[in-house]
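1. Build the 3D model from these lines:
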Amino acid sequence: MERTTRKTLDLLAGIINELTGNPVEGNHQTPNHYYVQSQMGGVRLEQICKDGHGARDVFPYRTTKGQLENDMRRFIEGLELGKELK
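-> Numbering: from 1, shown residues only. Now for the predicted structure:
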């Protein structure tokens with residue numbers, strides 16, 4: 001099994017942004033933009049608030065890169081399933 005890199009997590013965040021209709025290339029002030037944040041040895045997926053000020057945790061914890069990759073892949077599967085059901 002390959003190690004999860006930050007590049008992989010950023011690519012998955014881009015897929016989530018694309019599936020949710022948000023800009024893939026955003027910054028920390030782009031409303032609704034998803035991005036990976038790392039701090040204190042852990043990573044988490046965050047989303048910029050609608051007004052562009054502040055962010056919210058998508059998952060309620062900081063974790064390892066490998067676990068976040070798994071969680072993000074499941075999140076993507078849910079988004080794709082939701083689009084199929086519409």
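
2. Now do the contacts for E25.
-> Taking CB atoms under 8 Å, 6 or more residues apart in numbering as the criterion, E25 is in contact with G14. C-beta here means a position set from N, CA and C on the backbone, and glycine is covered the same way.

3. Doesn't it belong to a strand?
-> No: membership of E25 in a strand is not supported by DSSP: H, G, I helix; E, B strand; the rest coil, which gives coil.

4. how much space between it and D10?
-> 11 Å (CB to CB, to the nearest Å).

5. K65 now?
-> Summarising the geometry, the distance separating K65 from D10, computed by CB to CB, is 11 Å.

6. neighbour-wise, which of those two wins?
-> Each of K65 and D10 had its neighbours counted (other CB atoms under 10 Å), and the higher figure belongs to K65 (17 against 11).

7. wait, that one sits on G41?
-> No: under the criterion of CB atoms under 8 Å, K65 makes no contact with G41, lying 10.5 Å away.

8. Which helix in this protein has the most residues?
-> Of all segments of type helix in the chain, defined using DSSP state H, the longest is helix 65-85.
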